[in-house]
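# Provide a 3D model corresponding to the input given below.
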Amino acid sequence: MPMIAVETQFGCLGVEETDGALTRLVWDGRDVGEPTDLLREAAAQLKAYDAGQLHRFDIPYRIAGSDFQRQVCDLMYAIPLGETRTYGDIAKELGQPAQPVGQACGANPIPVIIPCHRVLSANGLGGFSGAGGVETKVALLRHERAAGLLI
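This next block holds a predicted model:
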């Protein structure tokens, strides 16, 4: 699968495409294969996000996994920049317990673009599966000016 690497303040992010949709984002990304138009657009949007000039990613993605995993990712994708939700909020919307929502957030294959960092636990930050863990989650929230939630 082709991948394009983008240097950001959060590390070198690599986005991967499969059949016309983003399918994965990794830290310590690298260029693999020929970049497609979709990968170039994803790189441009990541650079604009990093510069504080993009408020919502608008790029096709595909989540491999269960219907539940896709539903959780779709709800995370819909959280506006600068806002957060709790695992419980998403669980309530889906009529499910919060713990499986937390697991689905942790399994998000396209962090940053699908903003799992905007999902918090009821009594704290919760976890973050990206490089740097919770410190990166805090950095992303600060970048989005959601840091007031952290005080």
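# from here on, contacts and neighbour counts on C-alpha atoms
Noted.
# mind checking pLDDT for the closest residue to P80 other than its chain neighbours?
Distance criterion Cα to Cα, 6 or more residues apart in numbering; nearest residue to P80, sequence neighbours excluded, is R56 at 7.2 Å. Predicted confidence (pLDDT) at R56: the value is 94.
# name the element R56 belongs to?
Per DSSP states H and E: R56 is located in neither a helix nor a strand.
# going forward, begin numbering at 13 instead of 1
Shifting the count to begin at 13 puts that one at R68.
# burial count for it?
By the criterion of other Cα atoms under 10 Å, R68 has 16 neighbours.
# any idea how far it lies from N135?
Applying Cα to Cα, to the nearest Å, the value for R68 to N135 is 27 Å.
# show me what counts as buried in the helix or strand hosting L25.
Here L25 sits within strand 23-30, counting by DSSP H and E. In terms of neighbour count (16 or more other Cα atoms under 10 Å), strand 23-30 has its buried residues at G23, C24, L25, G26, V27, E28, E29.
# ditto for stretch 61-69
Neighbour-count burial for stretch 61-69, counted by 16+ other Cα under 10 Å, picks out Y61, D62, L66, R68, F69.
# residues in contact with it?
Under the contact criterion Cα atoms under 8 Å, 6 or more residues apart in numbering, stretch 61-69 has outside partners T20, Q21, Q57, A60, P92, L93, I125, H155, E156.
# could I get those as CSV with pLDDT?
Output for those, formatted as CSV (pLDDT from 0 to 100):
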residue, pLDDT
T20, 97
Q21, 96
Q57, 98
A60, 98
P92, 95
L93, 94
I125, 98
H155, 94
E156, 94
